[in-house]
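[1] quick one: sequence and predicted model below, then my questions.
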Amino acid sequence: MPNGVAVHADPHGVADHAHAHHPALQHHFQTLEQQHEASTLGMWIFLVTEVMFFGGLLMAYLLYRVWYPTAWSEGSLELDIYLGGFNTVVLIGSSLTMAFGVRAAQTGEQKATVRWLLLTIALGLTFLVVKGFEYHHKYELNHIPGPNFHFEGPFASQVEIFLSLYFGLTGLHALHMIIGCVMMGVITWMAHKGRFSPEWYTPVELAGLYWHFVDIVWIFLFPLLYLVDRAHQLS
Amino acid sequence: MTTTILPRVNYLNVRHSVGSWLFTKDHKRIALLYLGVVTVAFFLGGIFAAGVRIELTTPEGDFVSADTYNRLFTMHGIAMVFFVLIPAVPAILGNFVLPLAIGAKDVAFPKINLLSWYVFVIGFLFTLAAMMFGGVDTGWTFYTPYSTSASNSNVMLTGIGVFITGFSSILTGLNFMVTIHRMRAPGMTWFRMPLFVWALYATSLVQILATPVIAITVGMLALERALGFGIFDPRLGGDPVLFQHLFWFYSHPAVYIMILPPMGVISEVIACFSRKPVFGYSFVAFSSLAIAVFGFLVWAHHLFVAGISPYSAMVFSFLSFAVAVPSAVKTFNWTATLYKGAIWWQAPMIWVFGFLGLFLVGGLTGLFLASLGLDVHLHDTYFVVAHFHYIMVGGAIMGYFAGLHYWWPKITGKMYSNSAATLAALLVFVGFNLTFFPQFILGYLGMPRRYHVYADEFQVLNVMSSAGASLLGIGYALIGSYLVYSIFRGKAAGANPWRATGLEWQTESPPIPENFVETPIVTEGAYEYVKRETKVA
């Protein structure tokens, strides 16, 4: 069977025509449906590996939080709850725009897809910029772990562990955001070029899954890092 | 010399340029790319092992310094674990066989498959660079705080290499899992799948769930070493034992990444050369999954003397005994498969017999180490070294060679010399036992691992061990020579030289680029040997 021969897509029933290949159908799959299911399953499995990836750091977090509750409280109070809270709202908002983007791709609204995806990227970049300001502030205070770390108080060294994990976790998360933004850029370009149709919009859906995952990670990180002992502080 | 008749167009000759190999998306070619790199790593790891064995021939440190010796055994471990044992069966044989065995044209994600090879090569290059710039001396386990603050060898470069290579393993696991779920030919139900495919599925599960943890652990180590972050640093109140927990959370399941696929190979070969279906198919299939799952719950048996709570130690000891059960199920079922079988003494089967004997010893001595009291005595002695070599070389490498000999005619379309292959199997078996059996005794007598000098009374056993290692080296060299010879001068194998039942044997050797002319339709189980034999008769 010849492969890679692109025949015009039949928008109403690709699977009915044995020889009419959708241009996106790769040669080793029988149908677009099979291809879509394989890709989606692959993405879900990838997200499972991501859970384990963050899991190692979270395990360390859990252990030391149990060991050093006071240092965790002190370290957490050093973080800017307003910037963190603002970023949480931004990121949840970006998940909403992402969901609209996937929906638009599903219904074949090309312009709307591009618009929602661009908005998602913009929100993602906003998050990163705010995060950058937070990091910079930590740098000015010498709160970056390492030889120049400085912190007053009896729990300084345990707070250094807290901040190591803060930078480890949020840094890894930010790295995922950066990768996500680049990926979204590519997807947006593909959407702009009209590559997607209601029959085939798998990449948009996969990007969406990834984006929501990165969002959920933050929803765990925010309370774990910023809200350790806030009730105590506010009362 | 026989002229060889091969299919006119096959995956090997369809294109010839270097680019057609480096940018191939064909799982069969990618398997061969892996074969190349893994063989180089195996050779390198062997050289380091030779250095270790030469040093240990005499009790004094007269061949290399203590420091060099540390680097030798570390690099032997790193080369063999990350670049040979983990990829050998899944990435070479699995890549080649899996799509063929389930009647697919390729794996689910051919581009990711190629990417995983490149990731593997990049990781390997980093590790090679580390070796060239003087190596690394932490042991392959990278224990903190030595690795984070004391060692002045190339921990960072090696760590980066291991980190990168991990993603290759993750991607392969992901690819195989999706392939098995979504790419099976019509009629290829779960319980008609060859047991090798079940084993690969279980392996993928481990690769997906465990490998990310070593990646992040090495990442944390790197942050600590390079930037001075404190996560495992005892000076700040950090816990080096946490590193050991995280490390073994991957590295113990990694043992199952190494051994599960060879176990799958054994099931294939033993059925074919006994001309019988595997005894208790579903038990063997589920025991793979059971090993994968239990394998995640035993890691702390590496930490019995690291100061963990005695209660958790008891639980981990119990679970370590439990994981032996599914392995025993497999071994019993293989033996039962042989019973009243028409055993055909061909080279792949000789390797299988080698596997069965050595794996048995390796598995049973594992139970010694799982026992809390005994482990205190045997921990960090040569008993441990001998135990895991019986599993990793006696089990995984023997299984790998069983598979390589079994599928070689399919991969290359040529037959190798059966007598040379039998001789090599015997050499490796004898050489292996001579190398490692004395180490059980050495360990029992109290010789600690990882020292370049030892007490005089241990010399006889060490000389035996070094002599065995030479024999082992000759055996491996022999394999390399007759396999390469077979490519040029071997007889044409034909589609199915072993009269085996798997789908991969229904297509030509070497297979055509798209594997099958038409997608096969499966109507029977994987091992219908008896039915077929009677049909032929």
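    Here it is on my side, so go on.

[2] all helices of chain A, in order?
    A:32-67, A:69-77, A:81-106, A:110-140, A:156-192, A:202-226, A:230-234 (DSSP state H).

[3] which residue packs closest to residue 178, ignoring adjacent ones?
    Picking chain A for this. With CB to CB, 6 or more residues apart in numbering or on different chains as the criterion, A:I178 has its nearest non-adjacent residue at 6.8 Å, and that residue is A:L128. C-beta: built from backbone N, CA, C; applies to glycine.

[4] chain B, not that one
    B:A108 (4.2 Å).

[5] so what's that neighbour up against?
    A:A38, A:G42, B:N175, B:V178, B:T179, B:R182, B:M183 (CB atoms under 8 Å, 6 or more residues apart in numbering or on different chains).

[6] one more time with 6 Å
    By CB atoms under 6 Å, 6 or more residues apart in numbering or on different chains, B:A108 lies in contact with A:A38, B:V178, B:T179, B:R182, B:M183.

[7] state the number of residues packed around the third one.
    Around B:T179 there are 28 other residues, counting by other CB atoms under 10 Å in any protein chain shown.

[8] ok, now how distant is it from chain A?
    8 Å (CB to the nearest CB, to the nearest Å).

[9] and that residue, helix, strand or coil?
    Assigned by DSSP: H, G, I helix; E, B strand; the rest coil, the conformation of B:T179 is helix.

[10] tally up the residues packed near A:V182, please.
    With other CB under 10 Å as criterion, A:V182 counts 11.

[11] same question, B:G19
    9.

[12] how near is it to B:T335?
    49 Å (CB to CB, to the nearest Å).

[13] in a strand, the residue nearest to B:V178, correct?
    No: B:A108: not assigned to a strand; according to three-state DSSP it is coil.

[14] now B:L200, what are its backbone angles?
    For B:L200, the backbone dihedrals (degrees, to the nearest 10) come out as phi -70, psi -40.

[15] need the residues of the stretch 1-150 of chain B near chain A, please.
    By CB under 6 Å from any CB of the partner chain, the residues of the stretch 1-150 of chain B that approach chain A are B:K105, B:D106, B:A108.

[16] and the strands in the stretch 351-500 of chain B, which stretches?
    Counting by DSSP state E, counting those that start in this stretch, the stretch 351-500 of chain B has strands at residues B:414-415, B:491-492.

[17] Throw the ones you listed into a markdown table and include mean pLDDT, distance to chain A and mean neighbour count, thanks.
    Putting those into a markdown table (pLDDT from 0 to 100; distance: least, CB to the nearest CB, whole Å; neighbours: other CB atoms under 10 Å in any protein chain shown) gives the following:
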| stretch | mean pLDDT | distance to chain A | mean neighbour count |
| --- | --- | --- | --- |
| strand B:414-415 | 96 | 27 | 20 |
| strand B:491-492 | 94 | 27 | 16 |
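
[18] for A:M190, find the nearest of these.
    strand B:414-415 (45.1 Å; CB to CB).

[19] pairing partners for the closest one, with directions?
    Partners of strand B:414-415 in the sheet, by DSSP bridges, are strand B:491-492 (antiparallel).

[20] up against chain B, what does chain A have?
    A:28, A:37-38, A:41-42, A:45, A:49, A:52-53, A:56-57, A:60, A:63, A:145-147, A:157-158, A:160-161, A:164.

[21] on that earlier part again, distance of the residue nearest to B:V178 relative to B:V325?
    33 Å.

[22] again with B:L200
    Distance from B:L200 to B:V325, by CB to CB: 22 Å.

[23] ok, now A:L62?
    The value you get for A:L62 to B:V325, if CB to CB is used, is 31 Å.

[24] higher neighbour count, B:L200 and B:V325?
    B:L200 (31 against 12).

[25] quick one: that one and B:F176 touch, right?
    Yes: taking contacts as CB atoms under 6 Å, B:L200 lies within contact range of B:F176: 5.3 Å.

[26] would you agree B:L171 is in contact with B:L114?
    No: B:L171 lies out of contact with B:L114 (CB under 6 Å); the separation is 10.0 Å.

[27] around chain A, pick out the residues from chain B.
    Looking at chain A, the residues of chain B close enough under CB under 6 Å from any CB are B:105-106, B:108, B:170, B:174, B:177-178, B:181-182, B:208-209, B:212-213, B:216-217, B:227-231, B:236-238, B:242, B:246.

[28] which among those residues count as buried?
    B:105-106, B:108, B:170, B:174, B:177-178, B:181-182, B:208-209, B:212-213, B:216-217, B:228-231, B:236-238, B:242, B:246 (16 or more other CB atoms under 10 Å in any protein chain shown).

[29] distance to B:A386 and mean pLDDT for the helices of chain A - can I get that in CSV?
    Below are the helices of chain A laid out as CSV (distance: least, CB to CB, whole Å; pLDDT from 0 to 100):
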stretch, distance to B:A386, mean pLDDT
helix A:32-67, 31, 96
helix A:69-77, 45, 93
helix A:81-106, 53, 97
helix A:110-140, 50, 97
helix A:156-192, 38, 96
helix A:202-226, 44, 97
helix A:230-234, 56, 70
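
[30] rewinding a little: just tell me which of the strands of the stretch 351-500 of chain B ends up closest to B:V52.
    When those are compared by CB to CB, strand B:414-415 sits nearest B:V52, at 35.6 Å.

[31] what's the neighbour count on the closest residue to B:G399 other than its chain neighbours?
    Spatial nearest neighbour of B:G399, chain neighbours left out: B:P262 (2.3 Å); criterion: CB to CB, 6+ apart. Neighbours of B:P262 under the rule other CB under 10 Å: 28.

[32] which helix or strand contains B:P262?
    helix B:240-274 (DSSP states H and E).

[33] how far out from the middle of the chain is that helix?
    7 Å (CA atoms, centre = their mean, to the nearest Å).

[34] tell me which other helices or strands it touches.
    Where contact means 3 or more CB pairs under 6 Å, 6 or more residues apart in numbering or on different chains; DSSP states H and E, helix B:240-274 is packed against helix B:195-222, helix B:281-294, helix B:310-338, helix B:347-370, helix B:398-412.

[35] check contacts around the nearest residue to B:F359 once chain neighbours are set aside.
    Closest residue to B:F359 apart from its sequence neighbours, by CB to CB, 6+ apart: B:G395 at 4.2 Å. Applying CB under 6 Å, 6+ apart to B:G395 gives the contacts B:I259, B:F359, B:G362.

[36] select only the buried ones of those in PyMOL?
    Only the buried entries of the contacts of B:G395 go into this PyMOL selection, using 16+ other CB under 10 Å:
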select buried, chain B and resi 259+359+362
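
[37] what is the nearest of the contacts of B:G395 to chain A?
    B:I259 (21.0 Å; CB to the nearest CB).

[38] quick check: the closest one touching B:G394?
    No: with contact defined as CB under 6 Å, B:I259 does not reach B:G394; the gap is 10.3 Å.

[39] returning to that earlier point: dump the contacts of B:G395 to a markdown table, plus pLDDT.
    Below are the contacts of B:G395 laid out as a markdown table (pLDDT from 0 to 100):
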| residue | pLDDT |
| --- | --- |
| B:I259 | 97 |
| B:F359 | 97 |
| B:G362 | 96 |
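
[40] circling back to that earlier point, tell me the pLDDT of the residue nearest to B:G399.
    B:P262 carries a pLDDT score of 98 in this model.

[41] could you do B:S151 as well?
    pLDDT at B:S151 comes out at 88.
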